[in-house]
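In: the following block contains a protein sequence and its predicted model.
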Amino acid sequence: MARVREAVEHYPKAVLFELAERGYGSPFQILVACVITIRTFEEVSLPTALKLFEAADTPSAMARLTPGRIDELIHACTFHEPKSRTIHAIAQRVTKDFGGELPCDFQTLTSFSGVGPKCANLALGIACKKPVGIPVDIHVHRVTNRWGLVRASTPEKTMAALEAKLPRRYWLEINKLLVPFGKHICTGKLPRCSQCPVLEYCRQVGVTAHR
């Protein structure tokens, strides 16, 4: 972890951690931003989330927007139309059922349509400081399986396998580190093995060519 931490120090932070540092770190904001990031490149997700939060950064303000207006604001991200409906529905329910304060509760977070374990765990870890599960995205899934740390066919199975092995103090940080690590060093195609700080520990599972 220390070697990976040093290796990614100069790369852009993962979007949700960057947003929290910029003051958009409430459970609602992190959850909404996570919805935006799904199947969307990091370099698109950050400005898209910032654009949305500049227009409305609270559940009540977001609920007052129409799904159409939200769609206009997040148009750059993938699947923007269904995401706009999801975000509007989250804002309405948080305003109506929870008095404008999204609870720090895994079951509540995953009860929202369009919200899975990854986004719930990121909201709980970043906004609530309660890492109750490992947020596994495509980078965490690919890198930890490539290392040979786990052997799992889906992100959900990777999450369970990692939680059985990884000390809880790293449950949130592994996402924070492996997003930039997977984007810039341990890439999907032609990983930069020559730049890898943990190559001596890596089993290079599935790697047929590298740089």
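Out: Yep, that arrived. Source: prediction; values computed, not measured.

In: for this structure, which segments count as helices?
Out: Remark: helices of the chain, listed N- to C-terminal, are 2-7, 15-21, 27-37, 42-55, 59-64, 67-73, 80-97, 106-110, 117-122, 138-147, 155-165, 173-184; assignment by DSSP state H.

In: distance from the fifth one to the middle of the chain?
Out: Computed by Cα atoms, centre = their mean, to the nearest Å, the chain-centroid distance of helix 59-64 equals 23 Å.

In: do the fourth one as well
Out: Using Cα atoms, centre = their mean, we find the averaged C-alpha position of helix 42-55 to lie 14 Å away from the chain's own average C-alpha position.

In: list the buried residues in that helix.
Out: By neighbour count, and taking 16 or more other Cβ atoms under 10 Å as the criterion, the buried residues in helix 42-55 are 42, 44-46, 48-50, 52-53. For the C-beta atoms, the positions are set from N, CA and C on the backbone; glycine is no exception.

In: quick check: D57 vs T158, distance?
Out: Taking Cβ to Cβ, to the nearest Å as the criterion, D57 is separated from T158 by 32 Å.

In: circling back: go through the helices of the chain and name the closest to P191.
Out: Checking these against P191 by Cβ to Cβ gives helix 138-147 as the closest, at 7.5 Å.

In: just checking, what packs against that closest one?
Out: Contacts of helix 138-147 with other secondary structure elements, assessed using 3 or more Cβ pairs under 8 Å, 6 or more residues apart in numbering; DSSP states H and E, are made with helix 155-165, helix 173-184.

In: let's go with 10 Å and repeat that
Out: Secondary structure elements in contact with helix 138-147, counted by 3 or more Cβ pairs under 10 Å, 6 or more residues apart in numbering; DSSP states H and E, are helix 117-122, helix 155-165, helix 173-184.
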